[in-house]
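Peer 1: Here is a sequence together with a model predicted from it:
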Amino acid sequence: MIEPNHIFVYGTLKRSYCNAHFLENECEFVANATVPYKMFAYVRVGVLPQGKRIISAPMLSRESGVCHGEVWRLPAKPLVREDLLRRLDWLEGVDFGGYTREIIEVHGRENNKLVFEGPAFVYFHNAPQGEVFENWAEGESK
């Protein structure tokens, strides 16, 4: 199977979020997009030296729904691309079973015009635990 040249992101990797720098320095933004899967927030209480802390991370489930995100073009140079995907796999905890990188079909639209249609990598969460919120950005409970 030929690997896609794009990645669909939906949480902290989106523009203006805390992990956007992973993509902004090496990739090209293509379009806003949606995929037919449901996004949740993985929420749990962590115990740190400073006390309890709520830990929240967006996750995409294979459950039917709508998830809004972004499509980015991956670097063309194979070594740069492989290094970026390795760093994203690390960020998403792929080696520890947190997320799985898969290929899905994505449709990107700008001003109601289709500007991208094709395969893209995406990270699915493997085993949600803890309290699940419907709206990650606002922390609204389901």
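Peer 2: Nice, thanks for sending it over. Numbering: from 1, shown residues only.
Peer 1: who's residue 105 bridged to?
Peer 2: Taking DSSP bridges, one finds residue 119 as the beta-bridge partners of residue 105.
Peer 1: which stretches of the chain have low pLDDT?
Peer 2: Residues of the chain that meet the criterion pLDDT under 70 lie in 1, 42-56, 127-142.
Peer 1: ok, longest helix in it?
Peer 2: In the chain, ranked by residue count with DSSP state H as the criterion, the top helix is helix 78-91.
Peer 1: helices or strands up against that helix?
Peer 2: Contact partners of helix 78-91 among helices and strands, from 3 or more C-beta pairs under 8 Å, 6 or more residues apart in numbering; DSSP states H and E: helix 21-24, strand 99-110. (Each C-beta comes from the backbone N, C-alpha and C, glycine too.)
Peer 1: So which of those is nearest residue 87?
Peer 2: Closest approach to residue 87 among the helices and strands packed on helix 78-91 is made by helix 21-24 (6.4 Å; C-beta to C-beta).
Peer 1: Does the closest one pack against any helices or strands, and if so which?
Peer 2: Taking 3+ C-beta pairs under 8 Å, 6+ apart as contact, the helices and strands that helix 21-24 lies on are helix 78-91.
Peer 1: How much space separates residue 87 from residue 95?
Peer 2: 12 Å (C-beta to C-beta, to the nearest Å).
Peer 1: higher neighbour count, the two?
Peer 2: Taking neighbours as other C-beta atoms under 10 Å, residue 87 and residue 95 compare with residue 87 leading, 12 against 8.
Peer 1: and residue 67, what does it touch?
Peer 2: Under the criterion of C-beta atoms under 8 Å, 6 or more residues apart in numbering, the contact list for residue 67 reads 10, 34-39, 60.
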